[in-house]
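1. Sequence first, then the predicted structure, then my questions.
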Amino acid sequence: MRVIIKPDYDTVSKWAANYIVYRINKFRPSATRPFVLGLPTGSTPLGMYRELIDLYQKRKVSFENVVTFNMDEYIGLKPQDKQSYRYFMEENFFKHVNLKPQNIHMLNGMTKDYEKECSDYEKAIRQAGGIHLFIGGIGTDGHIAFNEPFSSLSSRTRVKTLTDSTIKANSRFFDGDLSKVPTTVLTVGVATIMDAAEVLILATGENKAKALKHGIEGGVSHVWTISALQMHPHGIIVCDKPATKELSEQTVNYFMEIEKNNF
Ligand code: PGA
């Protein structure tokens, strides 16, 4: 696993966006051979999306031949609901770049048939040739996508019930009203993410420090699903200094030293 430690949120956002652009451009995607990108929502990636839009406007990247798969969606929210992840993605990224609508994939939280929706999603990922780069955030409880503690590390796309801590954390997007937060979601599984050729996780702020400690220094465990990244051959965490607060000095020094001349 690589751990890239940056001073603050802005440098993490810039690094992540530039890394995505570097990967897309290196791949030289075409209509018949698109680059397949996994995408998250949440507060953490907002800066990264802003940087990506900026790089697109400066013509450093084109999304014409990029296919996207988002991680998750709330059950029961319509795409036009302001708190739905579909709405989030449209507002914060999709409408600003040249992604083709048919290349955008998101789970439908309004489906009547969850099982079919989830198995069709896995099938669509396979048909696209698999995900080249999956971007994610982490929850304070160490979740990746909505794979809450004790999710199977071999889980695939399915329905999940949110934990109280996630409902509380996400209530900030629902006027602070816990009762407005959907309690169930559709989410890719840990194994769906781990199947990607490369996984890049963003973690910023001191409230992610405990999850990062368990993810990097703890053992692989379903208690902190982020720890599955230890089993991935090409896993990267990019984090800011406050998120490293619970890591040992030795760990921080090791990664600062080994990554100092890398992208
Ligand atoms: P956040 O959420 O970026 O809003 O902190 C991350 C997550 O829950 O995965």
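-> Yep, it's here.
2. Now do whichever strand or helix holds Lys116: which elements does it pack against?
-> For Lys116, the element it lies in under DSSP states H and E is helix 114-127. Using 3 or more Cβ pairs under 8 Å, 6 or more residues apart in numbering; DSSP states H and E, the elements in contact with helix 114-127 are strand 66-70, strand 104-105, strand 158-161, strand 184-187. Every C-beta, even on glycine, is put in place using the N, C-alpha and C of the backbone.
3. mind putting those strands in a markdown table, distance to the ligand and mean neighbour count included?
-> Formatted as a markdown table, these follow (distance: least, Cβ to the nearest ligand atom, whole Å; neighbours: other Cβ atoms under 10 Å):
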| stretch | distance to the ligand | mean neighbour count |
| --- | --- | --- |
| strand 66-70 | 12 | 22 |
| strand 104-105 | 19 | 18 |
| strand 158-161 | 12 | 18 |
| strand 184-187 | 10 | 24 |
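4. Of all those strands, which one comes closest to Ser43?
-> Closest approach to Ser43 among the helices and strands packed on helix 114-127 is made by strand 66-70 (15.8 Å; Cβ to Cβ).
5. which residues sit against the helix or strand just after the closest one?
-> Where DSSP H and E defines the elements, the next helix or strand beyond strand 66-70 is strand 72-74. For strand 72-74, contacts defined as Cβ atoms under 8 Å, 6 or more residues apart in numbering pick out 41, 83-86, 106-109, 145-146, 182, 184-188.
6. follow-up on the earlier one: same list (the helices and strands packed on helix 114-127) but as JSON lines, adding mean pLDDT.
-> Shown next, in JSON lines, are the helices and strands packed on helix 114-127 (pLDDT from 0 to 100):
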{"stretch": "strand 66-70", "mean pLDDT": "98"}
{"stretch": "strand 104-105", "mean pLDDT": "98"}
{"stretch": "strand 158-161", "mean pLDDT": "97"}
{"stretch": "strand 184-187", "mean pLDDT": "98"}
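7. can you give me the helices for the stretch 1-150 of the chain?
-> Taking DSSP state H, counting those that start in this stretch as the test, the helices found in the stretch 1-150 of the chain are 9-27, 46-57, 85-92, 114-127.
8. need those in CSV with mean neighbour count and mean pLDDT, can you?
-> As requested, the helices of the stretch 1-150 of the chain are exported to CSV (neighbours: other Cβ atoms under 10 Å; pLDDT from 0 to 100):
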stretch, mean neighbour count, mean pLDDT
helix 9-27, 18, 98
helix 46-57, 19, 98
helix 85-92, 19, 98
helix 114-127, 15, 98
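9. can you tell which of those is closest to Ala197?
-> helix 9-27 (9.7 Å).
10. Does that closest one pack against any helices or strands, and if so which?
-> Contacts defined by 3+ Cβ pairs under 8 Å, 6+ apart place helix 9-27 against strand 2-6, strand 35-39, helix 46-57, strand 133-136, strand 198-203, strand 235-240.
11. The same query, at a cut-off of 7 Å, please.
-> Secondary-structure packing of helix 9-27 (3 or more Cβ pairs under 7 Å, 6 or more residues apart in numbering; DSSP states H and E): strand 2-6, helix 46-57, strand 133-136, strand 198-203, strand 235-240.
12. Could you pick out the residues of the stretch 101-250 of the chain near the ligand for me?
-> Counting by Cβ under 6 Å from any ligand atom, the stretch 101-250 of the chain comes close to the ligand at Gly137, Ile138, Gly139, His143.
13. Report whether the expected contact of the last one with Thr225 is present.
-> This means His143. Yes - with contact defined as Cβ atoms under 7 Å, His143 reaches Thr225; the gap is 5.6 Å.
14. Neighbour count for those two, which is higher?
-> The neighbour comparison of His143 against Thr225 (other Cβ atoms under 10 Å) goes to Thr225, with 31 against 26.
15. quick one, what contacts that one?
-> Residues near Thr225 by Cβ atoms under 7 Å, 6 or more residues apart in numbering: Gly142, His143, Ile144, Asn147, Pro149, Ser151, Leu153, Val190.
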